[in-house]
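S.K.: The following block contains a protein sequence and its predicted model.
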Amino acid sequence: MFAAAGVPRPQYDALFRRLLELQPSELKQRQQTADIGFLNQGITFTVYGHDEGTEKIFPYDLLPRIITSGEWATIEKGLTQRITALNLFLKDIYHDGKILNDGVIPREMVYSCKHYRREMRGVRVRRDIYVSVVGTDLVRLGDGQFAVLEDNLRVPSGVSYMLANRQVMKKVLPGLFGSYNVRPIDHYGQELLSTLRALAPSARRDPTIVLLTPGVFNSAYYEHTFLARQMGVELVEGRDLLVHDNIVYMRTTAGLRRVDVIYRRVDDDFLDPLAFRRDSTLGVPGCSTHTARATSPWRTRSAPASPTTRLSTLTLRLLSNITSPKTRSCLTSRLSCSTTKSNGATSWKICTNWWSKPWASPGVTEC
């Protein structure tokens with residue numbers, strides 16, 4: 001705030017003069033008002049492992065951090081360039097691999113990363129967009145310049161707290177917004193909705209979009225409900241969705257409804273129990289298979305377009321481990337027969353559970 005002792009920076013001059021008019025007791029009262037407002041609205045986050053309780057009020061600083069339009073123009077231009085580069089990087093490592101072939105980045109650095117999904121190699125995503133939503137952490141250096149501390153590309157969270165922060169600021173210090181030409185952010189929900197709509201199949205003029213949440217016990221559940229309400233889309237859990245004939249559907253009181261875009265807030269490992277963590281109850285069985293096979297314009301798209309596993313690749317890997325030609329042929333026939341008869345999510349689950357048995361089990365020898 002200060003350029004020197006007692007000398008505020010130009011952008012903080014109006015704020016500084018307003019604070020001089022307030023008594024310390026009044027500042028404390030306004031801070032308490034903000035905290036109560038967050039609590040009453042349920043604007044909390046979960047902290048696991050704390051004995052005093054898990055639900056915490058969103059930490060709110062009564063004094064805003066003011067960024068000038070010139071500074072923001074630089075930040076916006078830099079982030080646009082950075083996000084574009086990150087998206088092209090992800091596209092390259094899952095397709096041509098030029099950056100790896102040229103030795104710019106060591107292969108072992110990419111292939112040893114636990115978040116690298118080999119099963120996504122060669123899989124095209126809608127509009128070649130691998131990064132739909134990004135959370136970038138910025139820090140201001142000693143010379144006043146901004147730098148990127150971290151890029152959150154997989155399941156970034158926190159934007160709802162920023163939006164709530166703005167609303168509380170307007171109530172606690174209403175006069176400040178009359179002194180500053182603050183850029184609005186209330187339209188974020190509609191901007192996000194437009195981004196998700198752009199990922200829908202072109203043939204779907206009125207796409208159905210849902211927000212997939214892990215549930216009420218997730219630390220960012222408030223944000224999930226907030227964004228779903230802002231966008232006017234359904235908030236769903238894994239049990240609300242199913243995959244049939246390689247298409248994602250949502251269970252409703254009127255029956256199944258086709259889903260075109262999933263804004264998922266579930267980590268990769270929990271997204272599909274048939275492909276990743278088998279003990280996960282948060283995801284949608286078979287959805288990763290669907291994502292990889294969704295080459296038709298009628299198939300659902302998942303956003304952000306994060307790498308997931310293809311069932312066909314998993315099938316080939318399992319069959320390649322079987323040395324007996326007779327058993328391999330038998331297994332292949334069983335898989336094909338099961339898929340032809342049921343052609344739905346349940347058949348995939350049966351097959352996967354069957355694959356997980358030891359190869360010398362009665363289930364295999366009987367085949």
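M.R.: The structure has been received and is ready for your questions.
S.K.: where along the stretch 201-350 of the chain do the helices fall?
M.R.: Secondary structure of the stretch 201-350 of the chain (DSSP state H, counting those that start in this stretch): helices at 221-231, 287-293, 311-320, 325-342, 345-355.
S.K.: Mean confidence (pLDDT) on the last one, please.
M.R.: Looking back up the chat, that one is helix 345-355. Here helix 345-355 scores 34 as its mean pLDDT.
S.K.: now do the second one
M.R.: Model confidence over helix 287-293 averages 63 on the pLDDT scale.
S.K.: Can you give the domain ranges for this structure?
M.R.: The chain breaks down by automatic domain parsing into domains covering 11-320, 322-366.
S.K.: Report the separation between the two terminal residues of stretch 265-276.
M.R.: For stretch 265-276, the separation between the terminal residues is 16 Å (CA to CA, to the nearest Å).
S.K.: now that stretch, how far from the centre of its chain.
M.R.: Relative to the mean C-alpha coordinate of its chain, stretch 265-276 is positioned 12 Å out (CA atoms, centre = their mean, to the nearest Å).
S.K.: May I see the buried residues of that stretch?
M.R.: For stretch 265-276, a neighbour-count test (16 or more other CB atoms under 10 Å) marks 265-268, 270-276 as buried. Yep, even glycine has a C-beta here, placed from its N, CA and C like the rest.
S.K.: Could you do stretch 77-90 as well?
M.R.: Taking 16+ other CB under 10 Å as the neighbour-count basis, stretch 77-90 is seen to contain the buried residues 79, 86-87, 89-90.
S.K.: Relative to G215, how far out is M250?
M.R.: As judged by CB to CB, to the nearest Å, M250 and G215 stand 16 Å apart.
S.K.: Which of these two has more residues huddled nearby?
M.R.: Neighbours were tallied for M250 and for G215 using other CB atoms under 10 Å; the higher tally belongs to M250 (17 against 13).
S.K.: residues in contact with that one?
M.R.: Contacts of M250 were listed using CB atoms under 8 Å, 6 or more residues apart in numbering, and they are 208, 210, 234, 236, 240-241, 256-259.
S.K.: contacting residues for T44?
M.R.: Shown in contact with T44 (CB under 8 Å, 6+ apart): 38, 55-58, 222.
S.K.: how about the buried residues of stretch 265-276, which pair is most distant?
M.R.: Checking those against each other with CB to CB, the farthest-apart pair comes out as R265 and L274, at 19.9 Å.
S.K.: quick one: R229 from V210, how far?
M.R.: Applying CB to CB, the value for R229 to V210 is 13 Å.
S.K.: between the two, who's got more neighbours?
M.R.: V210 (24 against 13).
S.K.: quick one: that one from L79, how far?
M.R.: Taken as CB to CB, the spacing of V210 relative to L79 amounts to 28 Å.
S.K.: do G142 as well
M.R.: 21 Å.
S.K.: same check, this time on C113
M.R.: C113 sits 23 Å away from L79 when distances are taken as CB to CB.
S.K.: Equivalent analysis for A220, please.
M.R.: As judged by CB to CB, A220 and L79 stand 22 Å apart.
S.K.: Phi, psi for the closest residue to C287 other than its chain neighbours please.
M.R.: Beyond its immediate neighbours in the sequence, the residue positioned closest to C287 (CB to CB, 6 or more residues apart in numbering) is D272, lying 5.2 Å away. Summarising the backbone geometry of D272 under the convention degrees, to the nearest 10, its torsions are phi -140, psi 110.
S.K.: Please apply the same query to E150.
M.R.: Phi and psi for E150, reported as degrees, to the nearest 10, are phi -160, psi 150.
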